[in-house]
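Colleague: coords below, sequence missing:
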């Protein structure tokens, strides 16, 4: 019986892994179709520029997110200063605004007659007919991605900092380390894996972004893929270009995994208390508040006010289209959230019970889906569904252009999120519970249904929410895979932006932000309540 | 917990299947439109069509390339009836790939001139837009702009004075494709190299931001589509944009020879259309006086039937000679145009 179960699991997990990888393998297969003139053209003329821009973008964004993310995490976990209690969670808020949306907002603000220029002119900081530099440039894109994505580094670094136990720091001090030395010698090595984990997320998001770089017209890998596909009418070459990008992303995931080794983060081991925080005074107090306030202003409060100011300009606020788009978005997001979470529960349960290397490998493999750019994923899935429908061609078109493809894309893309949450949730209760239950005669299914699931409640809830916020923001895959008469909020915003009627995007944009805020609220609550546990 | 999760999942699966059925099955009368033109004003038009005929209009919008992949995937089972797009190159491309069938309607053939239809009536233009030059009369002398052609824009006199959007934009790709069709690749490439040298800034922003740049003195001339200035002058982009647009003057290039480059919005009937009659009715409706008036007044494009005048704002620009370069050429030369612009360093 036990043997059978094991086999069943292995077959099941392998099947899932295979299903997940088919779209990606299809993209890679393009490399074997031979390279045509268009590929030569790309290699000879634009590849260097695409690579250089993508590289500069990633390096620039990394520097910004490290600077903002790490320092602000250090400040709020070490000191107490004016507003630090609020800033502690407010620093996560920019996560609710996806980079493409921030790009649209910033573009409007820095247009000649945009609000940024108007404010600077009215304050006499620049003369009446002068203007600030426009944001549509490589450096502008670096700033936009930097302030949209630093919360990833901030969040993970902060949790890691909270996990460093007080005794370690105290021993260091007893042994004669000063603050700076104990930071570089003890704290930094401890939080390094966390910083890199956050950084890897940021780099993947930056490399796979399509909306923002397209809006800024910066020649990067993703804009190149689109240009090849839609301008040269050459999907194969576009897929070959995508394969190169995907290889880079795989390498990045591999490096991050390697340096992380066995470092683990969970929210539970905080041994520090609020009283341990050092109260800052005078200029230091001001500087700390200022440093943490700027990213919140730039990444959340200012863009939000700008969008609200657009909504004043439009007349028809709640169109029927907007209501449908909201309903569609929620339907998709919740469905994808539940499916992905169930999959993650099954995999993690299996891992816990069987401890098989095979399952661990598969679990790691399908987590890589997070790094696959939505655009590439969509191309792969379209191909995949085509073959599927060809097999079923007698019955008619079943899966192409159905919600199936779209949900499939979301599940692949967000599996890593749910997996991370459930993995750390599972680590919080000991396996001795399982043993006791098994001794008392509980079957695997009773163990999962009656014992694990109630214990994993918070994890399940969080992971569904995380997927929801991811799906609500997703743009490139949705654009390509959606069915008839089916717009989502992100698609609506994109459509208005590309039609140059950005003001009308105000309400869908506000809604995206609102939905994005929900998981942020719960996550910051969880971090806070975990502090109170000890 | 697992019970409630399962229950809600079951419910969701039911909803999913229901929506699949709604999407997949044909109620009495409908027409399925694959479109890469998704203006809000068109929705009103579709609703009007449904009101008149009782035929429901289903829309799937996306880029031309994505729709083509989808049609390939669907093959003979495709539910698609009509393909509708703003890019002439795409239209020609679809026709060449054999996705379209000839339109049989005599009515359409009678009212639409030959050059606005496919070689075998595979598609028909629904609206026109000209890609013209806008200039700031304060910084551009009358004799500089008089009788200007696209070819002239490569001349030394325009150094650092031109703004235009990115070469990823399909309107620019079609324009360069039309130049290739008329001048040949070699001469177009020489032209493009010099033209790019005349840019006042790295291409950025959309057509409207090029117009704003000229109005604000950042450059002297901009290349943009006619309807953008219509939208701005009508005040649909706010007071700021209306004032800016009032500072600009328009020049129609190549009036001495082949005429100004015109791109079209157009549609055709898909090869495996299950609702062919409805598709034909749909296209006929879009070409009716009523629909054309609606398009002209809301999207500020030029009409394709001669019984309707352009919007007064657009009509004020005056008549002009239109380049009759075959739209099919836009599709043929589009890939070449993209590569040529890459080589010329047009970002």
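Modeller: Yes, it's here. Please read these numbers as outputs of a predicted model, since none were measured by experiment. Residues are numbered from 1 along each chain as shown, chains lettered A, B, ... in the order given.

Colleague: in the stretch 1-150 of chain B, which spans are helices?
Modeller: B:2-24, B:40-53, B:64-74, B:88-96, B:106-111, B:142-145 (DSSP state H, counting those that start in this stretch).

Colleague: Can you flag the weakest of the ones you listed by average pLDDT?
Modeller: Mean pLDDT is lowest for helix B:2-24 among the helices of the stretch 1-150 of chain B, at a mean of 53.

Colleague: Can you name the residues that contact residue B:265?
Modeller: For residue B:265, the contact set (Cβ atoms under 8 Å, 6 or more residues apart in numbering or on different chains) comprises B:37, B:84, B:85, B:86, B:125, B:126, B:127, B:128, B:129, B:301. In short, each C-beta sits where N, CA and C put it, glycine included.

Colleague: any chance of these in JSON lines, plus distance to chain A?
Modeller: Shown next, in JSON lines, are these (distance: Cβ to the nearest Cβ, whole Å):
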{"residue": "B:37", "distance to chain A": "10"}
{"residue": "B:84", "distance to chain A": "14"}
{"residue": "B:85", "distance to chain A": "12"}
{"residue": "B:86", "distance to chain A": "10"}
{"residue": "B:125", "distance to chain A": "20"}
{"residue": "B:126", "distance to chain A": "17"}
{"residue": "B:127", "distance to chain A": "15"}
{"residue": "B:128", "distance to chain A": "18"}
{"residue": "B:129", "distance to chain A": "14"}
{"residue": "B:301", "distance to chain A": "13"}
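
Colleague: Quick one, which of the residues you listed are buried?
Modeller: Neighbour-count burial (16 or more other Cβ atoms under 10 Å in any protein chain shown) applied to the contacts of residue B:265 gives B:37, B:84, B:85, B:86, B:125, B:126, B:127, B:128, B:129, B:301.

Colleague: With pLDDT as added columns, please give those in TSV.
Modeller: Converted to TSV, the buried ones among the contacts of residue B:265 look like this (pLDDT from 0 to 100):
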residue	pLDDT
B:37	81
B:84	92
B:85	89
B:86	85
B:125	93
B:126	94
B:127	93
B:128	91
B:129	91
B:301	92
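
Colleague: Closest one of those to residue B:113?
Modeller: residue B:125 (9.0 Å; Cβ to Cβ).

Colleague: Kindly state the beta-bridge partners for that closest one.
Modeller: Beta-bridge partners for residue B:125, by DSSP bridges, are residue B:266.

Colleague: Check residue B:251 too.
Modeller: residue B:133.

Colleague: can you count the residues close to it?
Modeller: 19 (other Cβ atoms under 10 Å in any protein chain shown).

Colleague: repeat for residue B:250
Modeller: Neighbours around residue B:250, by other Cβ under 10 Å: 18.

Colleague: Enumerate the residues of the stretch 201-347 of chain B near chain A.
Modeller: Residues of the stretch 201-347 of chain B lying near chain A by Cβ under 8 Å from any Cβ of the partner chain: B:202-209, B:212-213, B:216-218, B:228, B:231, B:237-238, B:240-241, B:244, B:334-335, B:337-339, B:342-343, B:347.

Colleague: Least confident secondary structure element in chain A?
Modeller: Ranked by mean pLDDT, DSSP states H and E, the weakest helix or strand in chain A is helix A:166-174, scoring a mean of 68.

Colleague: my bad, should have said chain B
Modeller: helix B:2-24 (a mean of 53).

Colleague: quick one: the strands in the stretch 51-200 of chain A?
Modeller: Using DSSP state E, counting those that start in this stretch, the strands of the stretch 51-200 of chain A run over A:79-80.

Colleague: Pass me the low-pLDDT residue ranges in it, would you?
Modeller: Across the stretch 51-200 of chain A, residues meeting the criterion (pLDDT under 70) sit at A:165-170, A:172-174, A:176-178.

Colleague: List, one by one, the residues from it near chain B.
Modeller: A:107, A:111, A:112, A:113, A:129, A:131, A:134, A:136, A:137.

Colleague: Could you pull up the contacting residues of the third one?
Modeller: I take that to be residue A:112. A:131, B:212, B:213, B:216, B:218.

Colleague: Using JSON lines, lay out those residues together with neighbour count and distance to residue B:323.
Modeller: Converted to JSON lines, these look like this (neighbours: other Cβ atoms under 10 Å in any protein chain shown; distance: Cβ to Cβ, whole Å):
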{"residue": "A:131", "neighbour count": "18", "distance to residue B:323": "36"}
{"residue": "B:212", "neighbour count": "24", "distance to residue B:323": "27"}
{"residue": "B:213", "neighbour count": "23", "distance to residue B:323": "26"}
{"residue": "B:216", "neighbour count": "16", "distance to residue B:323": "30"}
{"residue": "B:218", "neighbour count": "18", "distance to residue B:323": "29"}
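
Colleague: Tell me which of those residues fall in helices.
Modeller: Under the assignment DSSP state H, the contacts of residue A:112 contribute B:212, B:213 to helices.

Colleague: any idea which of the contacts of residue A:112 is the one closest to residue B:50?
Modeller: residue B:212 (38.0 Å).

Colleague: Could you measure from the closest one over to residue A:9?
Modeller: From residue B:212 across to residue A:9, the span is 61 Å (Cβ to Cβ, to the nearest Å).

Colleague: Same question for residue B:174.
Modeller: Residue B:174 is 56 Å from residue A:9, by Cβ to Cβ.

Colleague: between these two, who's got more neighbours?
Modeller: The residue with more neighbours, out of residue B:174 and residue A:9, is residue B:174; 28 against 21, by other Cβ under 10 Å.

Colleague: wait, that one sits on residue B:334?
Modeller: Yes. With contact defined as Cβ atoms under 8 Å, residue B:174 counts as touching residue B:334 (7.1 Å).

Colleague: can you list residues touching both of those two?
Modeller: Joint contacts of residue B:174 and residue B:334 (Cβ under 8 Å, 6+ apart) are residue B:89.

Colleague: and residue B:262, what does it touch?
Modeller: B:128, B:129, B:130, B:131, B:302, B:322, B:323.

Colleague: Just the closest of those residues to chain A, please.
Modeller: residue B:129 (13.6 Å; Cβ to the nearest Cβ).

Colleague: bridging residues for the closest one?
Modeller: residue B:263.

Colleague: what's the spacing between it and residue A:490?
Modeller: Residue B:129 is 28 Å from residue A:490, by Cβ to Cβ.

Colleague: Low-confidence ranges, the chain, go.
Modeller: Just going to use chain A. In chain A, residues with pLDDT under 70: A:1-7, A:165-170, A:172-174, A:176-178, A:261-275, A:315-318, A:392-401, A:530-534.

Colleague: Correction: the question concerned chain B.
Modeller: B:1-28.

Colleague: Tell me which residue is most central in it.
Modeller: residue B:86 (2.7 Å; Cα atoms, centre = their mean).

Colleague: What are the phi and psi values at the residue nearest to residue A:155 when sequence neighbours are not counted?
Modeller: Take residue A:155 and drop its neighbours on the chain: the residue closest to it by Cβ to Cβ, 6 or more residues apart in numbering or on different chains is residue A:92, 6.1 Å away. Residue A:92 adopts backbone torsions of phi -80, psi -20, taken as degrees, to the nearest 10.

Colleague: burial count for residue A:92?
Modeller: 24.

Colleague: Please give me every residue in contact with it.
Modeller: Applying Cβ under 8 Å, 6+ apart, the residues contacting residue A:92 are A:151, A:154, A:155, A:520, A:523, A:524.

Colleague: Kindly recompute the last result at 6 Å.
Modeller: A:151, A:520, A:524 (Cβ atoms under 6 Å, 6 or more residues apart in numbering or on different chains).

Colleague: isn't residue B:103 right next to residue B:121, touching?
Modeller: Yes. Because the distance of 4.7 Å satisfies Cβ atoms under 6 Å, residue B:103 is recorded as touching residue B:121.

Colleague: Who has more neighbours out of these two?
Modeller: residue B:103 (25 against 19).

Colleague: so how far is chain A from that one?
Modeller: Note on residue B:103: its distance to chain A, by Cβ to the nearest Cβ, to the nearest Å, is 23 Å.

Colleague: Provide the secondary structure category for residue B:224.
Modeller: Of the three states, residue B:224 takes strand according to DSSP: H, G, I helix; E, B strand; the rest coil.
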